[in-house]
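Participant: next one to model:
(2 chains)
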Amino acid sequence: NAGVTQTPKFQVLKTGQSMTLQCAQDMNHEYMSWYRQDPGMGLRLIHYSVGAGITDQGEVPNGYNVSRSTTEDFPLRLLSAAPSQTSVYFCASSYGKNTEAFFGQGTRLTVV
Amino acid sequence: GIQVEQSPPDLILQEGANSTLRCNFSDSVNNLQWFHQNPWGQLINLFYIPSGTKQNGRLSATTVATERYSLLYISSSQTTDSGVYFCAVEREDYQAGTALIFGKGTTLSVSS
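Facilitator: So this is what the prediction gives:
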């Protein structure tokens, strides 16, 4: 049982490039979300999903797109990377509405 | 939006000491969780505790929902307890599972 898997673990992008951060879970969880973590800021919610085909914005959604075509996968797309998007990104999932959340290992992204 | 405040921001302990971490939140919640982020960046769920008291080994947590605070107790601390402790909540009217709002964390350093 792999849990929540994020790829890649590290990435360097040039300003203006696009890329997709992958997140997959094998626990049949309905709920998934993306966070970014910056020094001194804790984790901030980017987007979340309550099931396949359903997504919504969190606290800091600008510059990011998501889709949820399957229960297992929840990719995060950066359309045009900016240095302000340099951060550590975490994906999380949970089984139900009021259950514990499980996090992936994180993706460290640097935009130069 | 809902505000989550954690105290103290930093805590330095000798091995074997006890500590109490506090989380205050500004609105009614139906989902409150405590996480430990280890020095390698991994986020581990410690407790799902929207109300009441739970214990897991040397750790215990209490949430008083009516007064909008939660406490995390660490007894007989060990060097492996070092890291950042986060409190995260979801508003009562949200039903989105992992759409959590995080505090900025308490950084704990335990020395031998």
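
Participant: distance of the residue nearest the centre of chain A relative to residue B:89?
Facilitator: For chain A, residue A:34 is the residue whose C-alpha lies nearest the centre (Cα atoms, centre = their mean; 3.1 Å). Applying Cβ to Cβ, to the nearest Å, one obtains 18 Å for the distance of residue A:34 from residue B:89. For the C-beta atoms, the positions are set from N, CA and C on the backbone; glycine is no exception.

Participant: quick one: contacts for the residue lying closest to residue B:52 once chain neighbours are set aside?
Facilitator: Distance criterion Cβ to Cβ, 6 or more residues apart in numbering or on different chains; nearest residue to residue B:52, sequence neighbours excluded, is residue B:63 at 6.5 Å. Under the criterion of Cβ atoms under 8 Å, 6 or more residues apart in numbering or on different chains, the neighbours of residue B:63 are B:32, B:49-53, B:69-71.

Participant: pretty sure the residue nearest to the centre of chain A contacts residue A:90?
Facilitator: Yes - the pair residue A:34 / residue A:90 is scored as a contact, 7.3 Å apart, by Cβ atoms under 8 Å.

Participant: and the residue of chain A found nearest chain B, how many neighbours?
Facilitator: When you check chain A against chain B by Cβ to the nearest Cβ, the closest residue turns out to be residue A:31, at 2.8 Å. The criterion is other Cβ atoms under 10 Å in any protein chain shown. On that basis, residue A:31 has 24 neighbouring residues.

Participant: with the one 10 residues further on instead?
Facilitator: Using other Cβ under 10 Å, residue A:41 is surrounded by 13 other residues.

Participant: does residue 11 have beta-bridge partners, and which?
Facilitator: By default, I'm working from chain A. When assigned by DSSP bridges, residue A:11 has beta-bridge partners residue A:109.

Participant: could you do chain B instead?
Facilitator: Here residue B:11 sits in beta bridges with residue B:108, going by DSSP bridges.

Participant: how close does it sit to chain A?
Facilitator: With distances defined as Cβ to the nearest Cβ, to the nearest Å, the gap from residue B:11 to chain A amounts to 16 Å.

Participant: ok, that residue to residue B:112 distance?
Facilitator: 16 Å.

Participant: which residue packs closest to residue B:14, ignoring adjacent ones?
Facilitator: The shortest distance from residue B:14 to any residue that is not its chain neighbour, by Cβ to Cβ, 6+ apart, is 6.1 Å, and that residue is residue B:111.

Participant: ok, for residue A:65, nearest residue in space, not its chain neighbours?
Facilitator: Nearest residue to residue A:65 in three dimensions, chain neighbours excluded: residue A:77, at 4.4 Å (Cβ to Cβ, 6+ apart).

Participant: wait, isn't the one you found in contact with residue A:20?
Facilitator: Yes - using Cβ under 8 Å, residue A:77 makes contact with residue A:20 at a distance of 5.0 Å.
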